[in-house]
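Peer 1: Kindly return the folded structure for what I paste below:
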Amino acid sequence: MANAYFDFIKQSREALDISQAEMADKLGVSRPTYIAVEKGERDLSLEEAQKLADIFGIPLDNLKQGMAQNYEKYKQMILAYLRLGADSDGKVTKTKMAKLLYLADFAWFYDKLESMSGMQYRKNHYGPVPDMYFRALDELEENGTIAVNRTANGPILISENETLQKRELDQISGKELNLIKKIAAKWQNKRTNEIVAFTHNQLPYKICEENEIIPYGLIAQENSDYVY
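Peer 2: The predicted structure follows:
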C-alpha cells in the first residue's frame with residue numbers, strides 16, 4: 001500500500017485527538033501492532049479496516065483505496081474551481097474555496113450517493129472542511145501550482161500560478177466537471193460571507209455537533225433547491 005494511505009490514517013487519528021493506544025484499543029489490537037500499521041509495516045484485516053473507516057466517518061472503499069487517488073483528485077478540484085469559479089481578479093478566498101469544495105462533494109452525493117473526492121468533512125466554527133484541506137493548499141503552494149496572497153488584515157486569497165503549465169485535471173470526470181462549473185457559476189463574484197451563510201444553514205451542518213464528522217447521508221434530507 002502507498003505511503004499516502006498510512007499518512008492518511010495517522011493524520012486522521014491525530015485530527016480526532018485519539019492516541020495510538022486508544023486507537024489500538026478501539027481496533028482490538030496491541031499498541032505495537034497499531035504502530036506497525038501507521039508505519040506501513042502491517043496491513044489491516046477487513047474487520048479492522050471497517051472499524052477504522054467507521055471511526056473516521058468515511059466509506060470503507062475510500063479507506064481501502066488508501067486515499068492517494070482521492071487526495072490527488074481533491075487537489076485537482078481546487079484547481080478546477082480556480083479556473084472556473086475565481087472572481088474577476090482570478091482569485092478566490094481560502095474560506096470560499098473550502099465551501100465550494102464542500103458543495104461539490106455533497107451535491108454529487110445528493111445525486112450519485114457517493115462523494116466526488118472521498119474526503120471527510122468536519123464541522124467547525126468556520127464551516128464544513130476536511131482535515132486534508134490545509135495540507136492540500138500547502139502542497140499546491142510549495143510546488144508552485146498556486147499562489148497564496150496573505151495580508152495582515154484581509155482574507156487569504158489563492159490563485160493558480162499562470163507562469164506554469166496548467167496541470168491536467170485527469171482525475172475529474174466530465175460529469176463531475178460539469179457540476180463544478182454549475183456551482184462555480186452560481187457563486188462566482190459572490191462574497192465569502194454569502195456562501196458561508198448558505199453552508200451553515202444547510203441541514204448537515206446545522207444537525208452536527210462541533211468537531212463532528214458530517215455524514216454525507218444527511219444531505220439527502222435537504223431541499224433540492226438548497227443543495228448548492
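
Peer 1: Which helix or strand lies directly C-terminal to the lowest-mean-pLDDT helix or strand in the chain?
Peer 2: Scoring the helices and strands of the chain by mean pLDDT, DSSP states H and E places helix 60-64 at the bottom, with a mean of 70. Counting by DSSP states H and E, the next helix or strand C-terminal to helix 60-64 is helix 68-84.

Peer 1: Could you look up the next helix or strand downstream of that next one?
Peer 2: strand 92-93.

Peer 1: Do you know the pLDDT at the residue of the chain most remote from its centre?
Peer 2: Farthest-out residue of the chain from its mean C-alpha position, per Cα atoms, centre = their mean: S30, at 30.4 Å. With respect to pLDDT, S30 has a value of 94.

Peer 1: Wait, it touches A24, no?
Peer 2: Yes: between S30 and A24 a contact is recorded at 6.1 Å, counting by Cβ atoms under 8 Å. In this view, the C-beta of every residue, glycine as well, is placed from N, C-alpha and C.

Peer 1: Where do the domain boundaries of the protein fall?
Peer 2: Domain ranges of the chain: 3-64, 68-226, per automatic domain parsing.

Peer 1: any idea how far L177 lies from D111?
Peer 2: 15 Å (Cβ to Cβ, to the nearest Å).

Peer 1: do the same with I219
Peer 2: Where D111 is concerned, I219 sits at a distance of 10 Å (Cβ to Cβ).

Peer 1: just P204 next, same as before
Peer 2: P204 is 15 Å from D111, where distance means Cβ to Cβ.

Peer 1: N161 too?
Peer 2: As judged by Cβ to Cβ, N161 and D111 stand 33 Å apart.

Peer 1: same check, this time on N193
Peer 2: Applying Cβ to Cβ to N193 and D111 gives a distance of 28 Å.

Peer 1: what does A136 give?
Peer 2: Taken as Cβ to Cβ, the span from A136 to D111 is 24 Å.

Peer 1: Same question for Y121.
Peer 2: Taking Cβ to Cβ, one finds Y121 at 17 Å from D111.

Peer 1: out of those two, which sits in the more crowded spot?
Peer 2: More neighbours surround Y121 than the other of Y121 and D111, with 27 against 11 (other Cβ atoms under 10 Å).

Peer 1: If you drop the residues flanking it in sequence, what lies closest to that one?
Peer 2: Nearest non-adjacent residue to Y121, counting by Cβ to Cβ, 6 or more residues apart in numbering: P128, 4.2 Å away.

Peer 1: just Q171 next, same as before
Peer 2: Closest to Q171 by Cβ to Cβ, 6+ apart is K73, at 3.8 Å.

Peer 1: count of neighbours near S88?
Peer 2: Counted by other Cβ under 10 Å, the residues lying close to S88 total 7.

Peer 1: what separates it from L113, distance-wise?
Peer 2: The gap separating S88 from L113 is 36 Å, by Cβ to Cβ.

Peer 1: cool, L179 as well?
Peer 2: Separation of L179 from L113 (Cβ to Cβ): 14 Å.

Peer 1: who's more crowded, the two?
Peer 2: More neighbours surround L179 than the other of L179 and L113, with 19 against 10 (other Cβ under 10 Å).
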